[in-house]
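# Pasting the sequence and the predicted model now:
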Amino acid sequence: MSVSMSPTEPNRSFTLASDRLRELTASIHPSRFAACLDPLLSHATLLRLQQSFRLQPRLAALLVGHEVDVSGAGWNEDPLLGHDPRRAALLAGSIWHARSVLTLVSKHDLSILVKMIGAEAHAFAIRHLSSAVATSTIADPEHLLRQIEHDGHACLGAWLDEAPALDRIRVLLRLPVGTAAENPAAEHRCAAGPLLSLVIAHLRAEAVTV
């Protein structure tokens, strides 16, 4: 007696792929949609599109591109464990410029820097002073912030260049268009591995203690 089997596995795979694309769409930075669809679209319109249950898989596929398979076994753990990539960039950039962070001691300048990069990144830089990359120091806190952001994002981008295409794009799409993560220099490629190893260890330890 033959037994009829319902095609549940293909349906399950399709549903899983759609769920992944919706999750990805919800995390994408709005500037990515604006650049891909229409730069003149308002933030409110972009938000409505991003939250549309029906459009989410199509929008994600549009941004990811057809060369990246989102339905197969390549969907690994998020490289940043689900954390904000800007936070990871600030942590990496703070180590890069740890010598400058350490020398910024006046109450006024220190309060400005901590307000901009956060107490976590400031403490992280001091803790990992021995891994600092920049040898020259920056005295102006606003200039220092810009450099921390630039070098941190560039290190993140260089580190992601070594990751599978899907893992890389899942993180980059959470960043706004035009960060240094999109065009790291050779010096960032040299330092990215050690710095991001410290960042990921920090993020993973935080997940364990929560």
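That came in fine, so what should we check first?
# Contacts for stretch 184-200 next, please.
Applying CB atoms under 8 Å, 6 or more residues apart in numbering, the contact partners of stretch 184-200 are 80-81, 88, 91-92, 95-96, 128, 131, 133, 151, 154-159, 161-162, 180. Backbone N, C-alpha and C define where each C-beta goes, glycine included.
# Among the residues you listed, name the ones in helices.
Using DSSP state H, the members of the contacts of stretch 184-200 that fall in helices are 88, 91-92, 95-96, 151, 154-159.
# From the contacts of stretch 184-200, list just the buried residues.
Applying a neighbour-count criterion of 16 or more other CB atoms under 10 Å, the buried members of those are 80, 88, 91-92, 95-96, 128, 133, 151, 154-159, 180.
# Can you tell me which of those residues is closest to residue 54?
Taking CB to CB as the measure, residue 54 lies nearest residue 80 of the buried ones among the contacts of stretch 184-200, at 28.4 Å.
# so the closest one touches residue 203, yeah?
Yes - using CB atoms under 8 Å, residue 80 makes contact with residue 203 at a distance of 6.7 Å.
# what helix or strand is residue 194 on?
The secondary structure element spanning residue 194 is helix 186-209 (assigned by DSSP states H and E).
# buried residues in that helix?
Across helix 186-209, burial judged by 16+ other CB under 10 Å covers 188-189, 191-192, 195-196, 198-200, 202-203.
# Next one: the most centrally placed residue in the chain relative to residue 106, how far apart?
With distances taken as CA atoms, centre = their mean, the chain has residue 85 as the residue nearest its mean C-alpha position (2.5 Å). From residue 85 over to residue 106 the distance is 31 Å, taken as CB to CB, to the nearest Å.
# Where does the prediction get shaky in this protein?
Across the chain, the ranges flagged by pLDDT under 70 are 1-17, 66-74, 207-210.
# Tell me which stretches of it form strands.
With DSSP state E applied, the chain shows no strands anywhere along its length.
# Quick check: closest non-adjacent residue to residue 81.
Distance criterion CB to CB, 6 or more residues apart in numbering; nearest residue to residue 81, sequence neighbours excluded, is residue 203 at 5.2 Å.
# got the domain boundaries for this protein?
The chain resolves into domains spanning 8-64, 85-209 when parsed by automatic domain parsing.
# can I get those in TSV with distance to residue 76?
As requested, the domains of the chain are exported to TSV (distance: least, CB to CB, whole Å):
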stretch	distance to residue 76
domain 8-64	12
domain 85-209	6
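# okay, these, which one's buried deepest?
Among the domains of the chain, judged by mean count of other CB atoms under 10 Å, the one packed with the most neighbours on average is domain 85-209 (a mean of 18).
# Okay, residue 136 and residue 156: tell me how far apart.
Taken as CB to CB, the spacing of residue 136 relative to residue 156 amounts to 22 Å.
# correction: residue 120
To residue 156, residue 120 is 16 Å away according to CB to CB.
# Over to residue 192?
From residue 192 across to residue 156, the span is 8 Å (CB to CB).
# Could you name every residue contacting both of these two?
Here residue 192 and residue 156 have residue 92 as joint contacts, going by CB under 8 Å, 6+ apart.
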